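> could you work out the structure for the sequence below:
(one chain, ligands or ions: 1)
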Amino acid sequence: MALQMSALFSYVRAPLCTVPLPRVCADIQRAGIKFKHIFTPGSPQLGGKPATSPLRGHIHTAPRAEKFSTTTTAAFRWSRQDSGSSSSSPQGRAGWLGRVALGAAFGLSAAVVVQSLHTGTLAAMAQKVNLNSAEGDWKETKDFLLSLSVKDRRQYYRTPKSVPLDNIEVWTPTAAAGSEKSKYPRNEKLDKKISLYSGDITQLEIDAIVNAANNSLLGGGGVDGAIHRTAGPLLKKECASLHGCETGEAKITCAYGLPAKYVIHTVGPIAQGGVGEVQKKDLRSCYRNSLQTATANDARSVAFPCISTGIYGYPPEQAVHEALAIVREYLEEHHDKLDRVIFCVFMPTDRELYLQNLPLYFPAAPTETTVKSKL
Ligand code: APR
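Model (predicted):
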């Protein structure tokens, strides 16, 4: 860009520049017209390869970049052909330099135009976003929010408190309570990828939080209600477009007014009548499908509530084993795709359960094990 600016100014103030201003305008016009009718990206006149220019990397819409970079090249070529005189004479040099600057000026203004269009669109969208109203277009709002950095998204949070990932402690392995042997070998790489966090999942500023939803995906009580309340009404609008979710399945949406980027909705088994093989399988599917959905969307930090252990009545002391086993096995297979899996517990009793059972799946010291680690 600096090169382009210096070329531009040299055109304007070069001592040898003998090209009067009206000619400059005509040149710009001619360069543009010449390009429009003769040069197209990749055309034989340009040696068959689409032209590249330093500006190309700065313009996010490739076809326009192609066009403007080709313009610069076209103006460059045209200046060499039309100036007639060799570039060695002062007049030739001024003409040559002038026209390169012309192309650069054209290219530069194009980059500025495209960039300002892009910025203008974002600014216009920022004016329109209203996460408190169900009136907005959820698709447009989702695209806008997902295009923002974490820092820029903070102004849209609908919660007074947000907890950045760096403030969530990594799990420190401890010896298994009692005489129970760990089911897995020690793996320090995996230890660094999990956390036990006590608190409100709607405050976590991470890539994805998992929602313990119901089959309609249209909200409810418990953690489902908390997530929908904080996200705002557009979450329900996007959920409605998903047409429900089967037990054990997982579906992803934007998180809207939540500090997280995404919400992964999963439906746990109802276990008020007791836990059989079906309930166990469904609960494992919730954790596995949520992790698969996260990694499929490049969400590298994921938090789980204690799925099904509230209104759905799954005994927490049984659910904890399904949760830990699936997360350990998934991390063994896909440790490169995840930076952190957070067990977000809301009840003190759940915290005790996880403290007691985490060492069985993420042990502190090397122990004889029944399951060989695949790492
Ligand atoms: N943050 C983290 N965990 C929470 C939060 C919160 N803000 N609120 C509740 N929890 C915990 C509960 O303490 C429980 O351990 O989430 C766990 C799951 O409880 P529920 O939300 O009742 O979910 P579940 O048992 O899976 O029942 C799902 O309840 O809310 C409805 O629409 C939902 O019909 C569905 C059913």
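
> so how far is the ligand from Glu174?
Rather than Glu, residue 174 is Thr. Counting by Cβ to the nearest ligand atom, to the nearest Å, the separation of Thr174 from the ligand is 22 Å. Using the backbone N, CA and C atoms, a C-beta is placed for each residue, glycine as well.

> with Asp143 instead?
Between Asp143 and the ligand the distance is 27 Å, computed by Cβ to the nearest ligand atom.

> now do the same contact list for the closest residue to Cys254 other than its chain neighbours.
Closest residue in space to Cys254, ignoring its immediate chain neighbours: Lys142 at 4.0 Å, by Cβ to Cβ, 6 or more residues apart in numbering. Lys142 makes contact with 234, 238, 253-254, 256, according to Cβ atoms under 8 Å, 6 or more residues apart in numbering.

> is it possible to get JSON lines of those residues that adds pLDDT, secondary structure and neighbour count?
Output for the contacts of Lys142, formatted as JSON lines (pLDDT from 0 to 100; DSSP: H, G, I helix; E, B strand; the rest coil; neighbours: other Cβ atoms under 10 Å):
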{"residue": "Leu234", "pLDDT": "98", "secondary structure": "helix", "neighbour count": "26"}
{"residue": "Glu238", "pLDDT": "98", "secondary structure": "helix", "neighbour count": "20"}
{"residue": "Thr253", "pLDDT": "98", "secondary structure": "strand", "neighbour count": "22"}
{"residue": "Cys254", "pLDDT": "98", "secondary structure": "strand", "neighbour count": "22"}
{"residue": "Tyr256", "pLDDT": "98", "secondary structure": "coil", "neighbour count": "28"}
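
> the residues you listed: which two are farthest apart?
Farthest-apart pair in the contacts of Lys142 is Leu234 and Thr253; separation 9.2 Å (Cβ to Cβ).

> which of the residues in stretch 278-294 are buried?
By neighbour count on 16 or more other Cβ atoms under 10 Å, the buried set for stretch 278-294 is 279-280, 282-294.

> now the helices for the stretch 101-250 of the chain?
138-147, 150-153, 188-191, 222-231, 233-240 (DSSP state H, counting those that start in this stretch).

> can you lay out those as CSV showing distance to Ala212?
Formatted as CSV, those follow (distance: least, Cβ to Cβ, whole Å):
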stretch, distance to Ala212
helix 138-147, 22
helix 150-153, 24
helix 188-191, 24
helix 222-231, 5
helix 233-240, 14
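
> and of these, who's closest to Gly273?
It's helix 222-231; of those, that one is closest to Gly273 (Cβ to Cβ) at 19.2 Å.

> re earlier: looking at the buried residues of stretch 278-294, which one is closest to Ile201?
Using Cβ to Cβ, Ser290 is the member of the buried residues of stretch 278-294 that lies nearest Ile201, at 12.7 Å.

> from the ligand, how far out is the closest one?
12 Å.

> that residue reaches Pro305, doesn't it?
No: here Ser290 does not reach Pro305: they are 10.7 Å apart, not a contact under Cβ atoms under 8 Å.

> and for Cys239, the neighbour number?
Cys239 has 24 neighbouring residues, counting by other Cβ atoms under 10 Å.
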